[in-house]
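**Q** Okay, sequence plus prediction incoming.
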Amino acid sequence: MKTPSLFGLVPMVLAACAVGPDFKRPAAPAAADYGTASTPTLTRASDGPGGTAQRFVAELDIPGQWWTLFQSPALTQLVSDGFKANPDVHAAEAALRQAHELYLAQRGSLLPSLQGSAGAARSRLPTATLTPVTVSSEQIYSLYTAQLSLSYALDVFGGTRRSIEAAKAQEQISHFQLEAAYVSLSTNIVLTAVQEASLRGQITATERLLALQRQITQTVRGQLALGTASELDLLNQLASEAQTEATLPPLQKQLGQTRDTLTALLGRLPSEAPAEQFQLQELTLPSDLPASLPSRLVNQRPDVRAAEENMHVASAQVGVALADMLPQFTLSADAGSTALTLGHLFSPYTGFWDLGASLSQSLFQGGALVHRHRAAEAALDQAAAQYRSTVIAACQNVADTLKALQADADALSADEASDQAARKTLDLAQQQFGLGSISLVALLNAEQTWQQAEINLIQARASRYADTVALFQALGGGWWNLKGETSDGHSGPAN
């Protein structure tokens, strides 16, 4: 038996190159920044909470737990709770486990397939028309068979290896989608907490403003009774009070919905709202912020990395489609035993074996294989275009956020100045009222102006916090430094 000749193709398989393109990572953007107007080095500083000047450092890495920079233990605890209980994160973790198992299953296709079988049959032979098929001349007989079958599809042109490559890239897509889920969840929890703090501050200022409006209304009523104010004055004041009161229910509704959103992000039902509540003055604005260059951004953003792996999948599929057009080689072997009685199944002279090799080549399928190869190439072009679009959107996201942070600092400075001016005006009005040179209505109007400036100031401070959070998200969220902090204890790969 010359079995080596049947397996002589194995070394050739091991040495053969896989057909199709070898995937290479796209070149990183060569841009040195995000545009002259969108790359600040230091923002304007203001007095009061949230007025810290923020410095942008190109080489500054993003901590895995970037939310701790806001120095709020309650916020840190909520993010940790969200990682453990959020169902969307759990779904992404399960998707990654599924992709990993599918990759392992695909990798098994490189190895031979071995199957065992056993069978028993009871047959009746028409001896009048057919020669007995056994050494016995019995018309009715039993046949017992046990055998092993080996089949090995030789990966001569690398189609199987390209399929494994595609499965591995698909697993990486699931990995980066999981990282994106963690980044999105932590970002949304922090943003929701900032929104809650902003709304609580606005509600407090609005309630104070409404109380002032009611005091003014009572004063005007008294003046109307004394004849020093007209009914038109009272109507105007009532309208102003009603307008202020009308702004309070929407703020309260937003606060309630914000609490519901935060509860849902933590993987809880609305009745299980967290006890933690947030105020802007309890949060610290980070002073040093990262400003990663575009060349680093493409390694940091999970969506860009997922788009890159999508290109990898498409590239491997081109090789699979090309290999399907080429000859397919298969080795096979069978060994077993067959006997007329179960007791003689493995006795001498009942064994059998066979070895074989086959080659098949598709000769005509109506052009299907050619068109599938062309479709795979078109899918690769599509994936490449989608990758470029994702990179452009990522850079735009960072540029927009950097501009927003600049504008936020300028707006806060202006609102701070307006608030200080309104406060000084109120102080002067209080002095004049004490001297009897202005009326109570004038004093209350000055305090109302200050309270409205306070609302604007709260909104400006909240914008700085929110856009700072948005920058951490836009730059990738530091997932590569997040080790052992998630519910599955995963850590990101090196760039």
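**A** Received the coordinates, thanks. Keep in mind that this is a model prediction, so the values were computed, not measured. Residues are numbered from 1 along each chain as shown.

**Q** what about the protein, any weak spots by pLDDT?
**A** For the chain, residues meeting the criterion pLDDT under 70 lie at 1-16, 36-40, 127-137, 484-495.

**Q** Which residue lies nearest the spatial centre of it?
**A** Ala180 (2.2 Å; CA atoms, centre = their mean).

**Q** sec struct for that residue, please.
**A** The three-state label given to Ala180 by DSSP: H, G, I helix; E, B strand; the rest coil is helix.

**Q** isn't it right next to Pro302, touching?
**A** Yes. Under the criterion of CB atoms under 8 Å, Ala180 makes contact with Pro302 at 3.9 Å. Bear in mind the C-beta positions are built from the backbone N, C-alpha and C, glycine included.

**Q** May I see the buried residues of whichever strand in the chain runs longest?
**A** Looking across the chain with DSSP state E, the single longest strand is strand 140-154. Buried residues in strand 140-154, counting neighbours by 16 or more other CB atoms under 10 Å, are found at Tyr141, Tyr144, Thr145, Ala146, Gln147, Tyr152, Ala153, Leu154.

**Q** Could you provide those in CSV, with additional columns for distance to Val190?
**A** Formatted as CSV, the buried residues of strand 140-154 follow (distance: CB to CB, whole Å):
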residue, distance to Val190
Tyr141, 79
Tyr144, 71
Thr145, 68
Ala146, 65
Gln147, 64
Tyr152, 55
Ala153, 52
Leu154, 55
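
**Q** what's the closest of the residues you listed to Leu210?
**A** For these, the residue nearest Leu210 by CB to CB is Ala153; the value is 78.7 Å.

**Q** what's the nearest residue to that closest one if we skip its chain neighbours?
**A** Nearest residue to Ala153, sequence neighbours excluded (CB to CB, 6 or more residues apart in numbering): Thr330, at 5.2 Å.

**Q** wait, is that neighbour part of a helix?
**A** No. Under three-state DSSP, Thr330 falls outside any helix and is assigned strand.

**Q** Can you get me a residue count around Ala384?
**A** Ala384 has 17 neighbouring residues, counting by other CB atoms under 10 Å.

**Q** Give me the contact list for stretch 65-76.
**A** 63, 79, 186, 189-190, 193, 276, 278, 282-286, 465, 472, 477-478, 482, 485 (CB atoms under 8 Å, 6 or more residues apart in numbering).

**Q** cutoff 10 Å now
**A** 62-63, 78-80, 183, 186-187, 189-190, 193-194, 197, 274-279, 282-290, 465, 468-469, 471-473, 475, 477-478, 481-482, 485 (CB atoms under 10 Å, 6 or more residues apart in numbering).

**Q** Buried residues, that stretch. List them.
**A** Trp66, Trp67, Leu69, Phe70, Ser72, Leu75.

**Q** any chance of the residues you listed in TSV, plus distance to Asn456 and secondary structure?
**A** Formatted as TSV, the buried residues of stretch 65-76 follow (distance: CB to CB, whole Å; DSSP: H, G, I helix; E, B strand; the rest coil):
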residue	distance to Asn456	secondary structure
Trp66	28	helix
Trp67	27	helix
Leu69	26	helix
Phe70	22	helix
Ser72	24	coil
Leu75	25	helix
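
**Q** Please consider this matter closed, and thank you.
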